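>>> Model the structure of this input:
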Amino acid sequence: MILDWILNAAQTLITTVFSILPNLPPMPSQITDSCDWLVNMVSHSTGVLKYIYTPVLFNIIIGLVVTLLLFEQIYHLGMWLLKKIPIIDVK
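Residues are numbered from 1 along each chain as shown. Prediction:
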């Protein structure tokens with residue numbers, strides 16, 4: 001419920017900010033080409049891993065790697081949310 005409220009507030013904030021902004025100019029072609037190249041390189045390299053591992057195992061491995069890389073940030077976010085609930089009394 002709290003997470004739902006936070007996500008809805010973030011979506012509303014982003015929508016409000018972008019509706020206030022004027023029409024933005026198009027992205028330069030060099031930047032879009034660089035982003036496309038990066039996405040292609042990542043997708044091709046994950047294609048090799050998907051060939052080696054089964055898709056289910058590959059998805060589990062990617063999930064575990066992302067979780068391990070972001071563990072500290074996820075922990076601090078969870079503790080911050082728990083501290084905001086006065087009934088639990090987490091210090």
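>>> List of residues touching the longest helix seen in the chain?
Determined from DSSP state H, the single longest helix within the chain is helix 29-52. Helix 29-52 is contacted from outside by 58, 61-62, using C-beta atoms under 8 Å, 6 or more residues apart in numbering. C-betas here are computed from N, CA, C, even on glycine.
>>> just stretch 80-91 next, same as before
So stretch 80-91 is contacted by 2-3, 79 (C-beta under 8 Å, 6+ apart).
>>> Going along the chain, name the strands of this structure.
Read by DSSP state E, the chain holds no strands at all.
>>> Q73 and V66: what is the separation?
As defined by C-beta to C-beta, to the nearest Å, Q73 lies at a distance of 11 Å from V66.
>>> okay, the contacts of helix 29-52 in TSV with neighbour count and pLDDT next?
Formatted as TSV, those follow (neighbours: other C-beta atoms under 10 Å; pLDDT from 0 to 100):
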residue	neighbour count	pLDDT
F58	15	80
I61	12	85
I62	14	86
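>>> And the contacts of stretch 80-91, which of them are buried?
Neighbour-count burial (16 or more other C-beta atoms under 10 Å) is assigned to none of the contacts of stretch 80-91.
>>> Now, these that are in helices?
Residues of those located in helices (DSSP H): 2-3, 79.
>>> got any ranges where the protein has weak pLDDT?
Within the chain, the stretches with pLDDT under 70 are 90-91.
>>> again, only this time at 80
In the predicted model of the chain, residues 1, 22-24, 46-51, 53, 55, 86-91 satisfy pLDDT under 80.
>>> Now flag whichever of the contacts of helix 29-52 is closest to P22.
Of all the contacts of helix 29-52, P22 sits closest to I62, with 38.6 Å by C-beta to C-beta.
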